[in-house]
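1. just coords:
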(Lines give C-alpha, C1' and ligand atoms only; values in the text may rest on other atoms or scores of the structure.)
Protein backbone atom coordinates (compact mmCIF):
# COMPACT_ATOMS: atom_id res chain seq x y z
CA UNK A 1 0.00 0.00 0.00
CA UNK A 2 1.50 3.31 -1.05
CA UNK A 3 1.34 6.05 1.55
CA UNK A 4 1.38 8.60 -1.25
CA UNK A 5 -2.01 7.61 -2.66
CA UNK A 6 -3.92 6.18 0.33
CA UNK A 7 -4.21 8.16 3.52
CA UNK A 8 -5.96 7.02 6.71
CA UNK A 9 -7.00 9.92 8.94
CA UNK A 10 -8.29 9.52 12.48
CA UNK A 11 -8.29 5.74 12.58
CA UNK A 12 -11.61 5.43 10.74
CA UNK A 13 -10.59 2.15 9.16
CA UNK A 14 -7.51 0.60 10.82
CA UNK A 15 -4.60 -0.12 8.48
CA UNK A 16 -4.71 -3.79 9.44
CA UNK A 17 -8.23 -3.98 7.99
CA UNK A 18 -6.95 -2.73 4.63
CA UNK A 19 -3.99 -5.10 4.84
CA UNK A 20 -6.34 -7.98 5.67
CA UNK A 21 -8.60 -7.15 2.74
CA UNK A 22 -5.66 -7.05 0.33
CA UNK A 23 -4.31 -10.31 1.72
CA UNK A 24 -7.70 -12.03 1.46
CA UNK A 25 -7.64 -12.64 5.20
CA UNK A 26 -11.16 -11.37 6.01
CA UNK A 27 -14.65 -12.56 5.17
CA UNK A 28 -16.71 -11.06 2.36
CA UNK A 29 -14.20 -11.25 -0.49
CA UNK A 30 -15.72 -13.88 -2.76
CA UNK A 31 -17.03 -13.28 -6.26
CA UNK A 32 -20.58 -13.69 -4.97
CA UNK A 33 -19.97 -11.14 -2.23
CA UNK A 34 -19.07 -8.61 -4.94
CA UNK A 35 -21.86 -9.73 -7.34
CA UNK A 36 -19.28 -10.57 -10.02
CA UNK A 37 -20.81 -13.72 -11.48
CA UNK A 38 -17.77 -15.93 -10.88
CA UNK A 39 -15.03 -13.38 -11.63
CA UNK A 40 -12.70 -12.88 -8.68
CA UNK A 41 -12.60 -9.34 -7.21
CA UNK A 42 -8.89 -8.75 -7.89
CA UNK A 43 -9.31 -9.94 -11.47
CA UNK A 44 -12.25 -7.56 -11.83
CA UNK A 45 -10.13 -4.73 -10.43
CA UNK A 46 -7.46 -5.41 -13.07
CA UNK A 47 -10.05 -5.40 -15.86
CA UNK A 48 -11.62 -2.17 -14.59
CA UNK A 49 -8.22 -0.51 -14.12
CA UNK A 50 -7.32 -0.91 -17.78
CA UNK A 51 -10.56 0.76 -18.84
CA UNK A 52 -10.32 3.57 -16.29
CA UNK A 53 -6.78 4.51 -17.29
CA UNK A 54 -8.09 5.45 -20.71
CA UNK A 55 -11.11 7.23 -19.25
CA UNK A 56 -8.88 9.25 -16.92
CA UNK A 57 -6.54 10.36 -19.70
CA UNK A 58 -9.43 11.55 -21.85
CA UNK A 59 -10.92 13.34 -18.85
CA UNK A 60 -7.64 15.15 -18.18
CA UNK A 61 -7.59 16.23 -21.82
CA UNK A 62 -11.12 17.60 -21.38
CA UNK A 63 -10.04 19.48 -18.26
CA UNK A 64 -7.19 21.12 -20.13
CA UNK A 65 -9.68 22.68 -22.55
CA UNK A 66 -11.61 24.47 -19.80
CA UNK A 67 -10.92 28.12 -18.96
CA UNK A 68 -8.82 28.93 -15.89
CA UNK A 69 -10.87 28.99 -12.72
CA UNK A 70 -13.59 26.65 -14.02
CA UNK A 71 -14.72 24.38 -11.16
CA UNK A 72 -15.27 21.59 -13.74
CA UNK A 73 -18.20 20.07 -11.88
CA UNK A 74 -20.11 18.91 -14.95
CA UNK A 75 -17.18 17.40 -16.82
CA UNK A 76 -15.86 15.72 -13.64
CA UNK A 77 -19.17 14.07 -12.90
CA UNK A 78 -19.96 13.00 -16.45
CA UNK A 79 -16.54 12.17 -17.88
CA UNK A 80 -14.85 10.73 -14.79
CA UNK A 81 -16.70 10.08 -11.51
CA UNK A 82 -19.87 8.62 -13.01
CA UNK A 83 -17.76 6.13 -14.98
CA UNK A 84 -15.58 5.31 -11.98
CA UNK A 85 -18.67 4.64 -9.86
CA UNK A 86 -20.24 2.53 -12.59
CA UNK A 87 -17.11 0.38 -12.64
CA UNK A 88 -17.34 0.09 -8.86
CA UNK A 89 -20.80 -1.44 -9.22
CA UNK A 90 -23.04 1.55 -8.44
CA UNK A 91 -24.42 1.98 -11.94
CA UNK A 92 -25.87 5.37 -12.78
CA UNK A 93 -26.02 6.89 -9.30
CA UNK A 94 -29.29 8.78 -8.69
CA UNK A 95 -29.16 12.48 -7.92
CA UNK A 96 -30.76 13.70 -4.72
CA UNK A 97 -34.04 15.66 -4.77
CA UNK A 98 -33.89 19.43 -5.14
CA UNK A 99 -32.25 20.80 -2.00
CA UNK A 100 -30.42 17.57 -1.25
CA UNK A 101 -31.04 15.37 1.79
CA UNK A 102 -33.00 16.74 4.75
CA UNK A 103 -32.42 15.82 8.40
CA UNK A 104 -34.64 17.34 11.10
CA UNK A 105 -35.71 20.05 8.70
CA UNK A 106 -32.14 21.02 7.78
CA UNK A 107 -31.10 20.52 4.14
CA UNK A 108 -27.75 19.02 3.19
CA UNK A 109 -27.02 19.69 -0.50
CA UNK A 110 -25.34 16.36 -1.24
CA UNK A 111 -25.38 15.69 -4.98
CA UNK A 112 -26.17 11.97 -5.15
CA UNK A 113 -27.30 9.04 -3.04
CA UNK A 114 -27.17 5.29 -3.56
CA UNK A 115 -29.35 3.32 -1.14
CA UNK A 116 -28.21 4.32 2.34
CA UNK A 117 -24.98 5.91 1.08
CA UNK A 118 -24.72 9.62 0.22
CA UNK A 119 -22.23 10.43 -2.56
CA UNK A 120 -21.19 14.05 -2.92
CA UNK A 121 -19.57 14.53 -6.32
CA UNK A 122 -17.93 17.85 -7.11
CA UNK A 123 -15.44 19.20 -9.64
CA UNK A 124 -11.66 19.10 -10.08
CA UNK A 125 -11.42 22.76 -9.12
CA UNK A 126 -13.44 22.44 -5.91
CA UNK A 127 -11.68 22.19 -2.53
CA UNK A 128 -13.03 19.49 -0.22
CA UNK A 129 -12.05 21.30 2.98
CA UNK A 130 -12.96 24.87 2.03
CA UNK A 131 -16.11 26.73 1.03
CA UNK A 132 -16.55 27.73 -2.60
CA UNK A 133 -18.96 30.69 -2.59
CA UNK A 134 -21.70 30.40 -5.17
CA UNK A 135 -21.16 26.70 -5.89
CA UNK A 136 -23.98 24.29 -5.04
CA UNK A 137 -22.85 21.75 -2.44
CA UNK A 138 -19.91 23.87 -1.32
CA UNK A 139 -21.26 27.40 -0.96
CA UNK A 140 -22.10 27.56 2.73
CA UNK A 141 -19.83 24.91 4.24
CA UNK A 142 -16.76 22.98 3.20
CA UNK A 143 -18.02 19.83 1.44
CA UNK A 144 -16.28 17.46 3.84
CA UNK A 145 -17.71 19.21 6.91
CA UNK A 146 -21.19 19.24 5.39
CA UNK A 147 -21.21 15.53 4.57
CA UNK A 148 -19.74 14.65 7.96
CA UNK A 149 -22.43 16.60 9.78
CA UNK A 150 -25.09 14.82 7.75
CA UNK A 151 -23.73 11.42 8.81
CA UNK A 152 -23.43 12.50 12.44
CA UNK A 153 -27.00 13.79 12.69
CA UNK A 154 -28.91 10.77 11.42
CA UNK A 155 -28.90 7.01 11.69
CA UNK A 156 -30.23 6.66 8.15
CA UNK A 157 -26.75 7.00 6.65
CA UNK A 158 -23.60 5.47 8.11
CA UNK A 159 -20.98 5.71 5.33
CA UNK A 160 -20.54 8.25 2.54
CA UNK A 161 -18.30 8.96 -0.43
CA UNK A 162 -16.96 12.42 -1.23
CA UNK A 163 -14.94 13.22 -4.35
CA UNK A 164 -13.82 16.09 -6.56
CA UNK A 165 -12.13 13.80 -9.08
CA UNK A 166 -8.68 14.50 -7.65
CA UNK A 167 -9.33 12.60 -4.43
CA UNK A 168 -11.99 10.22 -3.19
CA UNK A 169 -12.79 10.06 0.51
CA UNK A 170 -14.63 7.39 2.43
CA UNK A 171 -16.42 8.93 5.44
CA UNK A 172 -18.38 7.43 8.32
CA UNK A 173 -20.53 8.68 11.19
CA UNK A 174 -17.87 9.94 13.61
CA UNK A 175 -19.91 11.01 16.63
CA UNK A 176 -17.78 8.70 18.80
CA UNK A 177 -14.48 10.02 17.39
CA UNK A 178 -12.50 13.21 17.98
CA UNK A 179 -11.48 15.27 14.96
CA UNK A 180 -11.67 14.31 11.31
CA UNK A 181 -11.70 10.63 10.37
CA UNK A 182 -11.70 9.32 6.80
CA UNK A 183 -9.84 7.23 4.25
CA UNK A 184 -8.59 9.22 1.25
CA UNK A 185 -7.56 7.84 -2.12
CA UNK A 186 -5.45 10.29 -4.11
CA UNK A 187 -6.92 9.57 -7.54
CA UNK A 188 -4.70 12.11 -9.29
CA UNK A 189 -1.46 10.52 -8.07
CA UNK A 190 -2.83 6.99 -8.39
CA UNK A 191 -3.75 7.35 -12.05
CA UNK A 192 -0.95 9.71 -13.08
CA UNK A 193 1.67 7.32 -11.66
CA UNK A 194 -0.37 4.21 -12.54
CA UNK A 195 -0.25 2.75 -9.02
CA UNK A 196 -2.39 -0.31 -9.69
CA UNK A 197 -1.80 -1.88 -6.28
CA UNK A 198 -3.51 1.03 -4.56
CA UNK A 199 -6.40 0.90 -7.01
CA UNK A 200 -6.99 -2.69 -5.93
CA UNK A 201 -7.49 -1.40 -2.38
CA UNK A 202 -9.88 1.27 -3.63
CA UNK A 203 -11.85 -1.30 -5.61
CA UNK A 204 -12.12 -3.77 -2.75
CA UNK A 205 -13.06 -1.12 -0.15
CA UNK A 206 -15.29 1.22 -2.15
CA UNK A 207 -17.21 -1.24 -4.32
CA UNK A 208 -20.99 -0.93 -4.14
CA UNK A 209 -21.25 -4.26 -2.35
CA UNK A 210 -19.25 -2.90 0.59
CA UNK A 211 -21.95 -0.37 1.56
CA UNK A 212 -24.92 -2.40 0.41
CA UNK A 213 -27.43 -3.04 3.17
CA UNK A 214 -28.87 -6.60 3.19
CA UNK A 215 -32.56 -6.78 2.37
CA UNK A 216 -34.50 -5.99 5.52
CA UNK A 217 -31.28 -5.02 7.29
CA UNK A 218 -29.69 -1.84 8.61
CA UNK A 219 -26.57 0.15 7.57
CA UNK A 220 -24.38 -1.40 10.33
CA UNK A 221 -24.78 -4.77 8.58
CA UNK A 222 -22.86 -3.70 5.46
CA UNK A 223 -19.46 -5.27 4.82
CA UNK A 224 -17.48 -2.09 5.53
CA UNK A 225 -19.02 -1.78 8.96
CA UNK A 226 -18.59 -5.47 9.70
CA UNK A 227 -14.89 -5.19 8.84
CA UNK A 228 -14.48 -2.09 10.96
CA UNK A 229 -16.36 -3.55 13.93
CA UNK A 230 -14.27 -6.71 13.87
CA UNK A 231 -11.06 -4.66 13.84
CA UNK A 232 -11.95 -2.40 16.76
CA UNK A 233 -13.63 -5.02 18.97
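-> Done, it's in. Model, not experiment: these values are computed from the prediction.

2. in the protein, which residue is closest to the centre?
-> Taking CA atoms, centre = their mean as the criterion, residue 161 is the residue nearest the geometric centre of the chain, at 3.4 Å.

3. nearest spatial neighbour of it, skipping sequence neighbours?
-> residue 119 (4.6 Å; CB to CB, 6 or more residues apart in numbering). All C-beta atoms are positioned from the backbone trio N, CA, C, and that covers glycine.

4. low-scoring pLDDT stretches of the protein, where are they?
-> 1-3, 176-178, 232-233 (pLDDT under 70).

5. where do the strands sit along it?
-> 6-9, 101-103, 106-108, 112-114, 117-121, 159-163, 167-172, 182-186 (DSSP state E).

6. Which strands or helices does the longest one pack on?
-> Packing contacts for strand 167-172, counted by 3 or more CB pairs under 8 Å, 6 or more residues apart in numbering; DSSP states H and E, involve helix 143-153, strand 159-163, strand 182-186, helix 187-192, helix 196-206, helix 223-232.

7. Who are the packing partners of the longest helix anywhere in the chain?
-> Across the chain, the longest stretch assigned as helix under DSSP state H is helix 41-64. Using 3+ CB pairs under 8 Å, 6+ apart, the elements in contact with helix 41-64 are helix 73-76, helix 82-87, helix 187-192, helix 196-206.

8. nearest to residue 228, of those?
-> helix 196-206 (10.7 Å; CB to CB).

9. Quick check: the residue lying farthest from the centre of the chain vs residue 164, distance?
-> The centre of the chain is farthest from one residue, residue 67, which by CA atoms, centre = their mean lies 27.3 Å away. Residue 67 sits 18 Å away from residue 164, going by CB to CB, to the nearest Å.

10. Also residue 82?
-> Distance from residue 82 to residue 164, by CB to CB: 14 Å.

11. Looking at these two, which is more packed in?
-> For residue 82 versus residue 164, neighbours defined as other CB atoms under 10 Å are more numerous around residue 164 (25 against 17).

12. Not counting residues beside it along the chain, what's closest to that one?
-> In space, and not counting its chain neighbours, residue 164 is closest to residue 122: 4.4 Å by CB to CB, 6+ apart.

13. residues touching the one you found, list them.
-> The contact partners of residue 122, by CB atoms under 8 Å, 6 or more residues apart in numbering, come to 71, 73, 76, 111, 128, 135, 137-138, 143, 162-165.

14. repeat for residue 175
-> Counting by CB under 8 Å, 6+ apart, residue 175 has contacts residue 152.

15. mind checking how far it is from residue 181?
-> Taking CB to CB, one finds residue 175 at 11 Å from residue 181.

16. quick one on the thing from earlier: which neighbours do residue 82 and residue 164 have in common?
-> With CB under 8 Å, 6+ apart as the test, residue 82 and residue 164 both reach residue 121.

17. what's near enough to touch the closest residue in space to residue 206 that isn't next to it in sequence?
-> Of all residues not flanking residue 206 in the chain, residue 88 sits nearest, at 5.8 Å (CB to CB, 6+ apart). With contact set as CB under 8 Å, 6+ apart, residue 88 has these partners: 48, 203, 206, 207, 208.
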